[in-house]
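1. Here is my input; please provide its structure:
(chains A and B)
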There are 2 protein chains.
Amino acid sequence: MQGKALPGFRDFYPEDLSLRNHIFATWRSVAARYGFEEYDGPPLEALELYTKKSGDEIVQQLYTFRDKGDRDVALRPEMTPTLARMVAARVQALKKPVRWFSIPQLFRYERQQRGRLREHFQLNMDIIGEAGFLADAELMAAAVDIMRTFGLGSKDVQLRVSDRRVIKSLLLGRGVSDSQLPAAFAVIDRSERVPKNVLEEMLREAGYGKKQTSAVFEIAELRGSDKVFGVAGEVAEPLSHAIRALQAMGLGEFVTVDLTIVRGLAYYTGIVWELFDAKKSLRAIAGGGRYDGLLDQPALGFGMGRPADDSAARPRAAGAGHIGRVWPPARRRA
Amino acid sequence: MQGKALPGFRDFYPEDLSLRNHIFATWRSVAARYGFEEYDGPPLEALELYTKKSGDEIVQQLYTFRDKGDRDVALRPEMTPTLARMVAARVQALKKPVRWFSIPQLFRYERQQRGRLREHFQLNMDIIGEAGFLADAELMAAAVDIMRTFGLGSKDVQLRVSDRRVIKSLLLGRGVSDSQLPAAFAVIDRSERVPKNVLEEMLREAGYGKKQTSAVFEIAELRGSDKVFGVAGEVAEPLSHAIRALQAMGLGEFVTVDLTIVRGLAYYTGIVWELFDAKKSLRAIAGGGRYDGLLDQPALGFGMGRPADDSAARPRAAGAGHIGRVWPPARRRA
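-> Residues are numbered from 1 along each chain as shown, chains lettered A, B, ... in the order given. So this is what the prediction gives:
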């Protein structure tokens, strides 16, 4: 009875599970304080649940196989499609807005990346049936409150907030066509991590001219309320209201408007945001946004990762310190 | 975004998850009171972890497939092989006896049985590195204490306790050979559920003569301390001591000695037991036993199922009532 766990899977010995339980208990207590109810779904779903509406990136990473009944199935890579399925099945009976959270184990399979985890746990909080900007602000506040419950402040974590409607409006106003938008989103999303010449090549392949290309890079530089709201006009009102709501909650120090935040998944439609380790700005702890198109009704949510490296997390999870070692890059797309 | 969960998988809406959390919290509180620490392992394991040492029955029911890296893998059907793997990996460092519990989701795939669940949650409590009968008694006491915490008494649930060493000794003493033992165990295990002529045929196929066949049925009738200890002799001492320990803990009313209890899994070696709904005697709520051979050191444990039918369980789980509707047939072999 020797052997190891499969590559990318973890054993949780009691000292590791004790930390995991501490994190889950904190998540549950803040979610309950915000009036969210817990739900869960199956770890295995029909493959088509993910191939239909999620972005390409997630489909390539699916842990998928054919079962003994010849069904194409996948270990869940994210929770939102399950949530959407469950809400759709009882859409008449459920009292709106639906305010639900879950702590699923999520799975991915990338053949080439050895040593990378193939499973992780994530908090998901979602609101279904609420179109107003206060719902966006509330979810961001909940994510920040979880950090504060772990003993972290605005010097440790920062919210970077954007709105896909604003980015889209700015691009269309600068001569980018509807069909060219996905390439611009992809470039803006990568603008901090990928060399400029690679990004320029991506745009060239999507048929961008010189002027449109500079427009994309100009938008990728737009940071701070003054700059963004100075150029965006009326389309930026929900974003501006949400920021002001966070300021009214006393969370202004945690928030930056930053149009480089796009979120990878294709289904986001409005305000999108990420919560970053303030000292390692490329590390997202949590992220989410509004995905009104997925359920044919207003909807929004976020995912928050849990520590991948328990040995680094142990002395820090419950207190202050540098969160960069505690929270791994955690993206909703798992 | 329509569609249902895969056949045999459940969605947990908030009212269902609230019950699940209540049951899990009760399990955790009793396990903690008995000094057990929680652990967890991956839901996906290498297939060979199960094909090596488990019984045939579990292997046929595996939810197994080949992953993108051409590994044969299986969704875990039981927790004991994972536990054994984890303990073996740190056997020098772990302080003995190891006293661990876990609440895994387990999976099985039987093609022919439509409508049956393919996943369920189970409490597992195990002790590694303790040979004495008090450890057996302690695990049985913990299972009973969970029932008492749910408000149930000896009129609701009953422990039926046996010892494979006793059964083996009685069979060998009546002319059954070592190689014929598995057939006898299989027949005794099924003696309450399967017609006698079918069982006789099973024994005939295993080469049993008339005299040996009647010996098997005679043992399958042995119930009650007086009868069993009257015929068994010295080999029954651990069983008899464990029963007396339970009586000393004030749990005598819950216990019956019953040699029809065998447990299906091949790896059990000593005292084995099941906790039954007293009003529907064929329904096991929990079951376990000693499996000293699996880890090359003394080891024992049990599994306890959770309600499959939440709608039936809801009004009853926290209080008294007929547990038969609350607890489904739950066997360690999932």
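2. Show me the helices in chain A, by range?
-> A:14-33, A:48-51, A:56-60, A:80-89, A:133-149, A:164-173, A:181-190, A:196-205, A:210-220, A:225-232, A:237-248, A:310-313 (DSSP state H).
3. and the nearest residue to A:A236 once chain neighbours are set aside, what does it touch?
-> In space, and not counting its chain neighbours, A:A236 is closest to A:V166: 5.0 Å by Cβ to Cβ, 6 or more residues apart in numbering or on different chains. Bear in mind the C-beta positions are built from the backbone N, C-alpha and C, glycine included. Listed by Cβ atoms under 8 Å, 6 or more residues apart in numbering or on different chains, the contact set of A:V166 reads A:228, A:232, A:235-236, A:239, A:259.
4. Against A:G175, how distant is A:V166?
-> According to Cβ to Cβ, to the nearest Å, A:V166 and A:G175 sit 17 Å apart.
5. related to what we said a few turns ago, using TSV, lay out the helices of chain A together with mean pLDDT.
-> Putting these into TSV (pLDDT from 0 to 100) gives the following:
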stretch	mean pLDDT
helix A:14-33	95
helix A:48-51	90
helix A:56-60	70
helix A:80-89	94
helix A:133-149	97
helix A:164-173	94
helix A:181-190	91
helix A:196-205	94
helix A:210-220	92
helix A:225-232	82
helix A:237-248	96
helix A:310-313	36
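6. re earlier: among the contacts of A:V166, which two are most distant?
-> A:V235 and A:L259 (12.2 Å; Cβ to Cβ).
7. Now do the strands in the stretch 201-334 of chain A.
-> Along the stretch 201-334 of chain A, the stretches classed as strands by DSSP state E, counting those that start in this stretch are A:255-257, A:271-277, A:284-290, A:299-305.
8. Was I right to think A:R99 contacts A:F36?
-> Yes - counting by Cβ atoms under 8 Å, A:R99 does reach A:F36; the two are 4.8 Å apart.
9. for A:G35, phi and psi?
-> When read as degrees, to the nearest 10, the backbone of A:G35 gives phi 80, psi 30.
10. out of everything not next to it in sequence, what's closest to it?
-> Nearest non-adjacent residue to A:G35, counting by Cβ to Cβ, 6+ apart: A:R99, 5.7 Å away.
11. Next, count neighbours for A:G224.
-> Using other Cβ atoms under 10 Å in any protein chain shown, A:G224 is surrounded by 12 other residues.
12. now it: how far from chain B?
-> Separation of A:G224 from chain B (Cβ to the nearest Cβ, to the nearest Å): 37 Å.
13. ok, that residue - contacts?
-> Residues in contact with A:G224 (Cβ under 8 Å, 6+ apart) are A:256-257.
14. rewinding a little: nearest to B:G69, of the helices of chain A?
-> helix A:56-60 (15.1 Å).
15. Which among the contacts of A:V166 count as buried?
-> A:228, A:232, A:236, A:239, A:259 (16 or more other Cβ atoms under 10 Å in any protein chain shown).
16. From A:K227, how far out is the last one?
-> A:L259 sits 9 Å away from A:K227 when distances are taken as Cβ to Cβ.
17. Then A:F254?
-> 19 Å.
18. okay, these two: which has more neighbours?
-> A:F254 (25 against 13).
19. my guess is the more buried one contacts A:Q247, does it?
-> No - contact criterion Cβ under 8 Å: A:F254 and A:Q247 do not qualify, at 9.8 Å.
20. What distance do you get for the closest residue to A:R204 other than its chain neighbours to chain B?
-> Counting by Cβ to Cβ, 6+ apart, A:R204 lies nearest to A:T213, which is 7.7 Å off, once chain neighbours are set aside. Computed with Cβ to the nearest Cβ, the distance linking A:T213 and chain B is 36 Å.
21. Assess the claim that A:T213 and A:E200 are in contact.
-> Yes - when contacts are counted by Cβ under 8 Å, A:T213 is listed as touching A:E200 (6.3 Å).
22. Could you check how far the closest residue to A:R33 other than its chain neighbours is from chain B?
-> Counting by Cβ to Cβ, 6+ apart, A:R33 lies nearest to A:D145, which is 7.6 Å off, once chain neighbours are set aside. Distance of A:D145 to chain B, given as Cβ to the nearest Cβ: 21 Å.
23. give me the number of residues near A:D145?
-> 17.
24. who touches stretch A:143-160?
-> With Cβ under 8 Å, 6+ apart, stretch A:143-160 has contacts from A:26-27, A:29-30, A:33-34, A:123, A:125, A:140, A:246, A:251, A:253-258, A:260-261, A:273-279, A:281, A:285-286, A:288, A:302, A:304, A:317-320, A:322-323.
25. Buried ones from those, can you make that a ChimeraX selection?
-> In ChimeraX syntax, the buried subset of the contacts of stretch A:143-160 is picked out as below (16+ other Cβ under 10 Å):
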select /A:26,27,30,34,123,125,140,246,251,254,255,256,257,258,260,261,273,274,275,276,277,278,285,286,288,302,304,317,323
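26. What is the burial count for the residue lying closest to A:G270 once chain neighbours are set aside?
-> The shortest distance from A:G270 to any non-neighbouring residue, by Cβ to Cβ, 6+ apart, is to A:R290 (3.5 Å). Counted with other Cβ under 10 Å, residues neighbouring A:R290 total 28.
27. before we move on, what about A:A183?
-> 20.
28. how about it, what does it touch?
-> Contacts for A:A183 were tallied using Cβ under 8 Å, 6+ apart; they are A:202-203, A:205-206, A:208.
29. Now render the residues you listed as a markdown table, adding neighbour count and distance to A:T269.
-> Listed next are the contacts of A:A183 as a markdown table, based on neighbours: other Cβ atoms under 10 Å in any protein chain shown; distance: Cβ to Cβ, whole Å:
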| residue | neighbour count | distance to A:T269 |
| --- | --- | --- |
| A:M202 | 18 | 23 |
| A:L203 | 21 | 23 |
| A:E205 | 9 | 25 |
| A:A206 | 20 | 21 |
| A:Y208 | 22 | 23 |
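30. wait, which of those is closest to chain B?
-> A:M202 (27.3 Å; Cβ to the nearest Cβ).
31. doesn't A:A186 make contact with the closest one?
-> Yes - contact criterion Cβ under 8 Å: A:M202 and A:A186 qualify, at 6.6 Å.
32. Count the neighbours of A:D70 for me.
-> Using other Cβ under 10 Å: A:D70 sits among 6 other residues.
33. Check A:K95 too.
-> Counted with other Cβ under 10 Å, the neighbours of A:K95 add up to 7.
34. cool, and the one 10 residues further on?
-> The burial metric for A:Q105, expressed as a neighbour count using other Cβ under 10 Å, is 16.
35. That one against A:G41, yeah?
-> No - counting by Cβ under 8 Å, A:Q105 stays clear of A:G41, with 11.3 Å between them.
36. Fine by me, thanks again.
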